[in-house]
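1. Just the structure for this:
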Amino acid sequence: MEKEANIQSEMFDNIANSYDKINHILSFNMDEKWRKKIAERLPQTRHTKILDVATGTGDLAIMMAKHSKHTHIVGIDISNNMLEIAQKKAEKEKIDERVIFKNNNVTNLPFDDNTFDYCTISFGARNFADLDKALNEIYRCLKPGGRLFIIEFSKKPSNKIIEILYDTYSKIWIPFIGGMISKNKKAYTYLPNSINNFIHWTVFVKKLKSVGFSSVHHKKSTFGIVIFYEGTKI
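-> Predicted coordinates for the structure are as follows:
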């Protein structure tokens, strides 16, 4: 598990500088709209603590901090290069007092039980080396009544025509475009493969429930290309 995390860390370090640009291009700027749906779910209450797991270059963490002025957010990731970019973004937005970034693995979180009001994950769950352990750690760190929000790609869109187009786009164009811009075709071959190898949404929902989350539900978006998941700690 540690070896796999190190491989992923090195891969994301290598594509960090072009990561945001490629995400926007490959998603036709939909990635920002998908993250915004999570940010808009957050309340405007004081002293809200949020853990943003697999924060990457910090887009969701920064978006949440700008949306809710009283939140305090910790963004964690295993890529130092990604975190450096995230930190610079937070400083530029002058929100670095409320948003901090740390190099941590979700399977071994350095936080006390019942610390956070919310946990968010945007397109990172499929990369966890040990999904069960990661979800249990997240559950542990959430306060009772705390909520988990996840966005993840679906391995199979709901429309057959969209599925065919999506499959072609993932297998051919994502590696080609991502590889051409980042000079790392291997990374952008891994990414669509990680979507295809991730568990079906029905299994993921069952996992969330088995960890202990209640009121678990999901909602498909953009022709079923992405799925939003929610759950509440009892």
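
2. max-length helix in this protein?
-> Ranked by residue count, the top helix of the chain under DSSP state H comes out as helix 2-26.

3. and the next element down the chain from that helix?
-> helix 30-39 (DSSP states H and E).

4. packing partners for that next one?
-> helix 2-26, helix 59-67, strand 116-122, strand 142-153, strand 226-233 (3 or more CB pairs under 8 Å, 6 or more residues apart in numbering; DSSP states H and E). Every C-beta, even on glycine, is put in place using the N, C-alpha and C of the backbone.

5. go with 10 Å
-> helix 2-26, helix 59-67, strand 116-122, strand 142-153, strand 213-221, strand 226-233 (3 or more CB pairs under 10 Å, 6 or more residues apart in numbering; DSSP states H and E).

6. which one of those has the lowest average pLDDT?
-> In terms of mean pLDDT, the lowest-scoring of those is helix 2-26 (a mean of 89).

7. shouldn't E4 be in contact with Y190?
-> No. In this structure E4 lies outside contact range of Y190 using CB atoms under 10 Å: 11.6 Å.

8. if I look at I22, how far off is I177?
-> Computed with CB to CB, to the nearest Å, the distance linking I22 and I177 is 7 Å.

9. buried sites along stretch 65-83?
-> For stretch 65-83, the neighbour count (16 or more other CB atoms under 10 Å) marks 65, 68, 71-79, 81-83 as buried.

10. Just the CA atoms of that stretch, as CSV, please.
-> Output in CSV follows, covering the C-alpha atoms of stretch 65-83 (Å, rounded to 0.1, in the frame of the first residue of the first chain):
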residue,chain,number,x,y,z
ALA,A,65,-13.3,29.1,1.6
LYS,A,66,-14.4,31.9,-0.7
HIS,A,67,-18.0,30.7,-0.6
SER,A,68,-18.3,30.4,3.2
LYS,A,69,-16.2,33.2,4.9
HIS,A,70,-16.2,31.5,8.3
THR,A,71,-14.9,28.1,7.4
HIS,A,72,-11.5,26.7,8.3
ILE,A,73,-10.3,24.1,5.9
VAL,A,74,-7.5,21.6,5.9
GLY,A,75,-6.6,20.2,2.5
ILE,A,76,-4.5,17.0,2.4
ASP,A,77,-2.7,15.3,-0.4
ILE,A,78,0.2,13.0,-1.0
SER,A,79,1.8,15.2,-3.7
ASN,A,80,4.1,17.9,-2.5
ASN,A,81,4.2,19.7,-5.8
MET,A,82,0.4,19.8,-6.0
LEU,A,83,0.3,21.2,-2.4
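
11. now, the most widely separated pair of the buried residues of stretch 65-83?
-> Largest separation among the buried residues of stretch 65-83 by CB to CB: S68 and N81, giving 27.6 Å.
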